[in-house]
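# Need coordinates for the below:
(one chain, ligands or ions: 2)
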Amino acid sequence: MFTALSTQRYLKHMRSHRYLYYILLGNCRRWPLTYSQFDNATMATSATKRCLSTSPIREPSVGQMDVGSRIKRVSIEGNIAVGKSTFARLLQKAGQDWEVIPEPVSKWQNVEGTSQTSASNLLDMMYADTPRWSYTFQTFSLLSRLRTQLQPPPAQLLHSSDTPVQVYERSVYSDRYIFALTMFQLGCINATEWAVYQDWHSFLLEQFGRLVQLEGIIYLRAPPETCMTRLGMRGREEEKGVKLDYLQKLHSQHESWLIDKTTVLHSEKLKQLPVLVLDAGVGFEKDPKVQEMLITQVKGFFKSI
Ligand SMILES: Nc1ncnc2c1ncn2[C@@H]1O[C@H](COP(=O)(O)OP(=O)(O)O)[C@@H](O)[C@H]1O
Ligand SMILES: Nc1nc2c(ncn2[C@H]2C[C@H](O)[C@@H](COP(=O)(O)O)O2)c(=O)[nH]1
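Residues are numbered from 1 along each chain as shown. Ligands and ions are numbered 1, 2, ... in the order given. Prediction:
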């Protein structure tokens, strides 16, 4: 994460960004919980303690930073219902040195209200009236992804002797280059909203610099028709109106960004990011042999980046 920064430069960087960092991370809530925290009941207590803690954010100590600099960060990208969460759970089970952090969908489904207002389901609102709510949705999804990517690694990764990796389900990059861009191209975000969103995005990423950079991307690739079938199987209430042509559009957007490299990106580093393309069309859920093959590819990729 901080490979090119010396400890001193890193400390200076953290100090100069402390204000923004505190605003975004608030009172040290790890948000959202990781898959291992979801899955492993024995970790629930410590996860809850971490989430409820009102102590300052978990900034790594100087000693931790040397180890922290070894931690790699990778995002899992792919179409809606391609199997990212399923694959993420598989990764979490396979690697003790991997922390897999889910997409904060539940936060979008339950935007906290105030004393005067009740909570709202922004995901539902976005699908129900896409032109009205897309810009609001993108600003909130960007903020929540930024929070996710800024979470310092847990101690277990800092003390790892192997290849520690933080794996995010989607990223601030897919927020812009897949969804916000698609919404703009579909006319659901107007030119002014698109300009404002991009300005925010560029500014925040510039401010946070290396803290939100990735070392690699895993692209789960499958035909949109497969995703449509899986979306139906999952049966998420808010997605009932999603049509195949929307998934086809998102598929093309992923292909332009990660395969054809024709998407106009704001950073050279992002263009050079290594991408592991995995065939997610195969049914790996109940096939231990396919799972093993996928994990082997992922391990090789993590070592290579
Ligand atoms: N490789 C796969 N083969 C068959 N079904 C899958 C596969 N991966 C996921 N699924 C199923 O597809 C649906 C969507 O998967 P999910 O992991 O929630 O997708 P995503 O996180 O990409 O939206 C779920 O019902 C899941 O059980
Ligand atoms: N308009 C947007 N929709 C988004 C974005 N990120 C996720 N989503 C939607 C797509 C799904 O309905 C749901 C969760 O995604 P999964 O692929 O994990 O099932 O949220 C976004 O940035 N913009």
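
# Quick check: the gap between the nearest residue in space to Val105 that is not next to it in sequence and ligand 2.
Counting by C-beta to C-beta, 6 or more residues apart in numbering, Val105 lies nearest to Leu123, which is 6.9 Å off, once chain neighbours are set aside. From N, CA and C alone the C-beta is placed, and that goes for glycine too. Separation of Leu123 from ligand 2 (C-beta to the nearest ligand atom, to the nearest Å) stands at 6 Å.

# can you pull the contacts of Leu123?
By C-beta atoms under 8 Å, 6 or more residues apart in numbering, Leu123 lies in contact with 105, 108-109, 137, 238.

# can you give me the mean pLDDT across the host helix or strand of it?
Applying DSSP states H and E as the criterion places Leu123 in helix 122-128. Averaged across helix 122-128, pLDDT comes to 98.

# Can you name the residues of this structure that neighbour ligand 2?
Applying C-beta under 6 Å from any ligand atom, we find that the chain lies next to ligand 2 at 80-81, 84, 103, 105, 123, 126, 134, 137-138, 141, 175, 179, 183, 239.

# go with 5 Å
Within the chain, the residues that sit near ligand 2 (C-beta under 5 Å from any ligand atom) are 80, 103, 105, 141, 175, 179, 239.

# Which members of those residues are the farthest-apart pair?
Asp175 and Glu239 (18.1 Å; C-beta to C-beta).

# what about the strands in the stretch 201-305 of the chain?
216-221, 275-279 (DSSP state E, counting those that start in this stretch).

# So what's the model's average confidence on the last one?
Right, strand 275-279. 97.

# Check stretch 152-159 too.
89.

# Alpha carbons of that stretch, as CSV, please.
Taking Å, rounded to 0.1, in the frame of the first residue of the first chain, the C-alpha atoms of stretch 152-159 are listed here in CSV:
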residue,chain,number,x,y,z
PRO,A,152,-6.7,0.1,7.9
PRO,A,153,-6.0,-3.6,7.8
PRO,A,154,-6.7,-5.8,10.9
ALA,A,155,-3.9,-7.0,13.1
GLN,A,156,-4.1,-10.5,11.7
LEU,A,157,-2.9,-9.2,8.3
LEU,A,158,-0.3,-6.9,9.8
HIS,A,159,1.3,-9.9,11.5
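
# Noted, bye for now.
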